[in-house]
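**Q** I need the structure of the sequence given here:
(one chain, ligands or ions: 1)
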Amino acid sequence: MTQSILEQLDAVLAARKAADPTSSYVSSLHHKGLNKILEKVGEEAIETVLAAKDAEQNGDNQNLIYETADLWFHSLVMLSHLGGNHQQVLEELARRFGLSGLDEKAARK
Ligand SMILES: N=c1c2ncn([C@@H]3O[C@H](COP(=O)(O)OP(=O)(O)OP(=O)(O)O)[C@@H](O)[C@H]3O)c2ncn1[C@@H]1O[C@H](COP(=O)(O)O)[C@@H](O)[C@H]1O
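**A** Predicted coordinates:
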């Protein structure tokens with residue numbers, strides 16, 4: 001069976017936990033620890049927001065896609081660092097699928 005890019009990426013991110021931090025960006029993030037990873041997630045989130053505002057102005061989503069990929073990637077590194085993976089996020093989205101956001105919010109209380 002062909003693995004999706006997210007499955008392949010999860011496997012690489014997990015393997016990088018034990019790799020040399022001088023030869024891999026992901027290993028260097030794992031090595032620096034959670035605070036550095038969270039700093040990158042925050043930075044990429046802000047860059048994504050700014051790219052969305054630019055995209056609204058100029059009608060071109062190319063940089064927004066690029067920044068969103070950076071945000072997704074660093075979010076996956078964060079999950080991996082804490083022992084999680086993309087599949088858990090997909091399962092949560094699947095659980096919510098078809099459930100109105102308003103009903104779901106009401107059910108949280
Ligand atoms: N998808 C990505 C990916 N997306 C973005 N990035 C890196 O994320 C960083 C983005 O941060 P910035 O834009 O802030 O760049 P920067 O200024 O260099 O970062 P800082 O010095 O501020 O930390 C860049 O270094 C990008 O190269 C990625 N690095 C790796 N991957 C995947 O992860 C795999 C493993 O990567 P390595 O661990 O480096 O082998 C790769 O084969 C890819 O599949």
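**Q** what does the protein have sitting close to the ligand?
**A** Neighbours of the ligand within the chain, by Cβ under 6 Å from any ligand atom: 9, 12, 16, 24-27, 70, 73. Quick note: C-beta positions are derived from backbone N, CA and C, even for glycine.
**Q** sitting in helices, which of these do you find?
**A** Among these, the residues falling in helices (DSSP state H) are 9, 12, 25-27, 70, 73.
**Q** of those, grab the buried ones for ChimeraX.
**A** Per 16 or more other Cβ atoms under 10 Å, the buried members of those correspond to this ChimeraX selection:
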select :9,26,27,70,73
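**Q** greatest separation within the ones in helices among the residues of the chain next to the ligand: which pair is it?
**A** Using Cβ to Cβ, these span at most 17.9 Å, a distance reached by 27 and 70.
**Q** coming back round to it: tell me which of the ones in helices among the residues of the chain next to the ligand is nearest to residue 44?
**A** Taking Cβ to Cβ as the measure, residue 44 lies nearest residue 70 of these, at 4.6 Å.
**Q** tell me which element the residue nearest to that closest one when sequence neighbours are not counted falls in.
**A** Nearest-residue entry for residue 70: residue 44, 4.6 Å, with adjacent residues in sequence omitted and distances by Cβ to Cβ, 6 or more residues apart in numbering. Assigned by DSSP states H and E, residue 44 falls within helix 34-58.
**Q** so what touches that helix?
**A** Applying Cβ atoms under 8 Å, 6 or more residues apart in numbering, the external contacts of helix 34-58 come out as 29-30, 61, 63-64, 66-68, 70-71, 73-75, 77-78, 81-82.
**Q** pLDDT of it, averaged?
**A** Per-residue pLDDT over helix 34-58 has a mean of 98.
**Q** what of stretch 90-103?
**A** Stretch 90-103 comes out at a mean pLDDT of 89.
**Q** with only the CA atoms kept, save that stretch in CSV.
**A** Presented in CSV, the C-alpha positions along stretch 90-103 are these (Å, rounded to 0.1, in the frame of the first residue of the first chain):
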residue,chain,number,x,y,z
LEU,A,90,-7.3,13.0,11.6
GLU,A,91,-9.2,10.7,14.0
GLU,A,92,-10.4,13.8,16.0
LEU,A,93,-11.5,15.5,12.8
ALA,A,94,-13.3,12.3,11.7
ARG,A,95,-15.0,12.2,15.1
ARG,A,96,-16.2,15.8,14.6
PHE,A,97,-17.2,15.3,10.9
GLY,A,98,-20.9,16.0,10.3
LEU,A,99,-21.3,17.5,13.8
SER,A,100,-22.3,21.1,13.7
GLY,A,101,-19.6,23.3,15.3
LEU,A,102,-22.4,25.0,17.3
ASP,A,103,-23.7,21.7,18.6
